[in-house]
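Engineer: with the input below, show me the fold.
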Amino acid sequence: MLGHVENFWVKGILEKSLHGAALLDLGIKEDPDAVTYPWAIKREANKETLPAGTSMLEIFQEIGMGRSLLILGAPGSGKTTMLLELTRQLIERAREDVTEPIPVVFNLSSWTEKLSLADWLARELNNIYYVPKKIAPTWVKENKMLPLLDGLDEVKQESRDKCVDAINQFRKENGLTSMAVCSRIQDYAELKTRLTFNGAIEIQPLTPDQVNEYFKRLGKGLAGIRQVLDKDTALREMAETPLFLSIMTLAYRDTQSENISISDNSDLQRKHLFDTYIERMFERPERSKNEKFKKHNVLSWLSWLAKKMIEHHQVPYLIENMQPSWLGQRKPWSIRLHNGLSGGQIIALYGGSIYGPIYGLIFGLTVGLSKSGGLMGALLGGAVVGMIIGLIVGLIGGLSVRPTKIDMVDTLGWDWKQGKEGLVSGFQGGLIIGLIVGLVLSLTVEFSIAIVLGGGLFFGLLGAPIGFLIKGVVAKSISQTTYPGQRIYLSKRNFVVTFVLFGLIGWIIVWLFGGLTISGLRLGLIFGQIFGLSIGLRFGGGAIIQHSALRFSVNFNNLLPEKLVPFLDHCTDLIFLRRVGGGYIFVHRLLMEHFAAMYPD
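Structural biologist: Predicted coordinates:
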């Protein structure tokens, strides 16, 4: 877990931070008025900036047992960077002392009022870090992790006060759990409630001397922007923020002062800075010149992607985590058709293998299949009829019902407890089906209690091993992805494995119960394919069908390109995105917000 957190947050984000070079030595001040101290003890505010070189770990450790720290700052001031720097130092400490909790970073944007903070942390441990559902709550309750919560300001505005209440409640119930929270200072100041924490700090703007020293260090290419800073108050204030300072060096390098926009409106000035940065990134000679992606398409696609990442709290963006809900309310015909076909296939295959014999016996005996093909012919006819009925029902239902969540299947495991439960339920289900089949057969030909009981026993014994196998196999998640689309590839592989494996098992079971006859062999081949497909759809196949149709729909509506990974890599070369493991993240949230506002429609 330490390695996972370090690889993603420290090596993937902190060390590749866009404005990392601009972090000369950020000033930090204590801000005791920002929090409500436990036991009604109020600390006196220290107006002096903390001594240069004071590490985040030193600040954190001074708080003491059950330490809690609020980190405040302006947008782009380096709040998240300071939080991740604390993460790096806490990881080093945890490696030296195994009794220390594991620092784990969470983004509060996905918190909802429906969950307590403890339940939300457990859910995120499972969703983001793939900690098993049974273990995650234990980690939270037993103080085995140290939550580092970023983005309090990214919680829905109407829910932020309740989020603060949830954090405070968590602190009451888990007083020994250390934690830290980040927030934009203006958004936090607007809240009605305050965090009950042991300390708070505020990231200070860069000083004019630091800004001048930074530009001098980078040479004459930035002489133009240095001249403008002496005249433009809004731009000079922006330069005091590490993010904007770094973007200025990329946007205005080798640009004459008269070609740099000056505005008293800070919002317009920031918009112009980001627009200029984007233009310069397309002009860079060292960028990836992928002619397949036109500039206007790149901007449009990134704008849609940024909006959806914000709307659905998907930071970072993983291709396999994209859901049908991203299409919003319009629900185009392609996604309706996909939902109908995938739902129809699942219903058809399950119906064909389980309920098909019932339909088929009625249908087959009526039209005379039983006379020409006997019992095996009736069962085969039942499977076909069951599949047809299932496909029709599934297609109709899928066209009218919203698509469900797509869950990829990373790895396969075995659960003996569930397998035993499946053994019993499989026998019971098969027994009921067999009794019904035997009753229908005996009423159609000649009533015989032996046929009824024999049919029940036959299907019960047939259903027991099938239920054992179906329930015993379970899907598991990998700890982290290392390349884009990894979970898609794994789901495809698991579909093929389960289709072949269970297809062979189904064929052998039916052949054995058929007395190793030729007709039993034929029926076993048919049943094996149906059985293998039904299990394969459950373990990866269904998710792949859904994902492929979703990608088709997104591409059909020109929301994202068909070749998604090359496009995302192209945006990485343009320094709009950064690749982290198997996902992608915008180089900064402010840039993501800028792209999201670029094409509001």
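Engineer: how about the CA coordinates for the helix or strand where Val474 lies, as PDB?
Structural biologist: Using DSSP states H and E, the element containing Val474 is strand 473-476. C-alpha atoms of strand 473-476 as PDB (Å, rounded to 0.1, in the frame of the first residue of the first chain):
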ATOM      1  CA  VAL A 473     -15.700 -18.300  -8.900                       C
ATOM      2  CA  VAL A 474     -15.400 -14.700  -7.700                       C
ATOM      3  CA  ALA A 475     -14.100 -11.600  -9.400                       C
ATOM      4  CA  LYS A 476     -11.200  -9.700  -7.700                       C
END
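Engineer: and it, how far out from the chain middle?
Structural biologist: Per CA atoms, centre = their mean, to the nearest Å, the displacement of strand 473-476 from the mean C-alpha position of its chain is 19 Å.
Engineer: return the list of strands paired to it, each annotated with direction.
Structural biologist: Sheet pairing of strand 473-476 (DSSP bridges) gives strand 411-414 (antiparallel).
Engineer: all the strands of the stretch 101-250 of the chain, residue numbers only.
Structural biologist: With DSSP state E, counting those that start in this stretch as the criterion, the stretch 101-250 of the chain has strands at 102-107, 145-150, 179-184, 199-203.
Engineer: just the mean pLDDT for whichever helix or strand comes after the strand holding Val474, thanks.
Structural biologist: Sequence-wise, the next helix or strand downstream of strand 473-476 (DSSP H and E) is helix 486-513. Across helix 486-513, pLDDT averages out at 83.
Engineer: now helix 486-513, how far from the centre of its chain.
Structural biologist: That offset, for helix 486-513, works out to 27 Å (CA atoms, centre = their mean).
Engineer: hmm, who's touching the strand holding Val474?
Structural biologist: Contact partners of strand 473-476, identified using CB atoms under 8 Å, 6 or more residues apart in numbering, comprise 407, 409-415, 418, 494, 498, 535, 539. To be clear about C-beta, it is placed using only N, CA and C from the backbone, and glycine gets the same treatment.
Engineer: does Leu302 really touch Leu574, like I thought?
Structural biologist: No - counting by CB atoms under 8 Å, Leu302 sits too far from Leu574 to count as a contact (9.3 Å).
Engineer: more neighbours: which of the two?
Structural biologist: Neighbours per residue (other CB atoms under 10 Å) separate Leu302 from Leu574, with Leu302 holding more: 25 against 21.
Engineer: which pLDDT does the model give the more buried one?
Structural biologist: Predicted confidence (pLDDT) for Leu302: 95.
Engineer: what do you get for Gly430?
Structural biologist: 66.
Engineer: over to Ala200?
Structural biologist: 89.
Engineer: that one: neighbouring residues, count only.
Structural biologist: 24.
Engineer: out of the strands of the stretch 101-250 of the chain, indicate the one that is most buried.
Structural biologist: The highest mean neighbour count among those, using mean count of other CB atoms under 10 Å, belongs to strand 179-184: a mean of 26.
Engineer: that one - contacts with which helices or strands?
Structural biologist: Contact partners of strand 179-184 among helices and strands, from 3 or more CB pairs under 8 Å, 6 or more residues apart in numbering; DSSP states H and E: strand 68-73, helix 79-96, strand 145-150, helix 160-173.
Engineer: deepest-packed of those, please.
Structural biologist: Among the helices and strands packed on strand 179-184, the stretch with the highest mean neighbour count (mean count of other CB under 10 Å) is strand 68-73, at a mean of 25.
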